[in-house]
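Chemist: Show me the folded form of this:
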Amino acid sequence: MNLLPDPIRMTHIGSIIVTLLSGLAVLFLRMRASNRPTTMRKIIIPPIGMSTGYLMFVVPETRIPWSWALAALAVGAVLFAYPLIRTSKLERVGETIVLKRSKMFILILLALLLVRLLLHDVVEQKISIAQTGGLFFILAFGMIAVWRVSMLRAYRKLEKEGVRQKEDKE
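Modeler: Predicted coordinates:
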């Protein structure tokens, strides 16, 4: 009789714990970032930094078919980004632009985390853990890139309005 836990089961449980901790860290960071001045740099840097994750596909075990990658990107960009876009609002406060926190934003992030965990288990039964990680990375990148582009557009619009208001005062 083997009293040690099954290594595959422990890996799975570890993956869930890491995902939950990562999700909670993102929630914490989002809570701190809201209602504080934001800049174009703060909007652009996260997806640029995240894009380095595509280096994982150098490792053959993580590679997936192009059709899967495009589908994951589309799901992230369309389905997962939409609730984030709807619950993120930039506003001008004096000379600064701030991200106003919606009460629904945290619930949306929690729901997305839950959906991701549930989908992860389903997908992981069909393909390898490394491929599942790659697929969900692409999904997350699609979500974050589209959300940040939306924020960037809103930021630039508010920035132009601020310039116009300054000109009108002078």
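
Chemist: residue contacts, the closest residue to Met40 other than its chain neighbours?
Modeler: Among residues not flanking Met40 along the chain, Tyr155 sits closest, at 6.1 Å (Cβ to Cβ, 6 or more residues apart in numbering). In this view, the C-beta of every residue, glycine as well, is placed from N, C-alpha and C. The contact partners of Tyr155, taken as Cβ atoms under 8 Å, 6 or more residues apart in numbering, are 38, 40, 43, 90, 97.

Chemist: What's the first helix or strand after the helix or strand hosting the third one?
Modeler: In this assignment (DSSP states H and E), Ile43 forms part of helix 40-50. On the C-terminal side of helix 40-50, the closest following helix or strand by DSSP H and E is helix 66-75.

Chemist: Give me the contacts around that following helix.
Modeler: Outside helix 66-75, the residues touching it (Cβ under 8 Å, 6+ apart) are 135-136, 138-139, 141-142.

Chemist: Mind giving me the packing neighbours of whatever helix or strand comes next after that helix?
Modeler: Later in the chain than helix 66-75, the nearest helix or strand by DSSP H and E is helix 81-87. Counting contacts by 3 or more Cβ pairs under 8 Å, 6 or more residues apart in numbering; DSSP states H and E, helix 81-87 packs against helix 103-124, helix 129-169.
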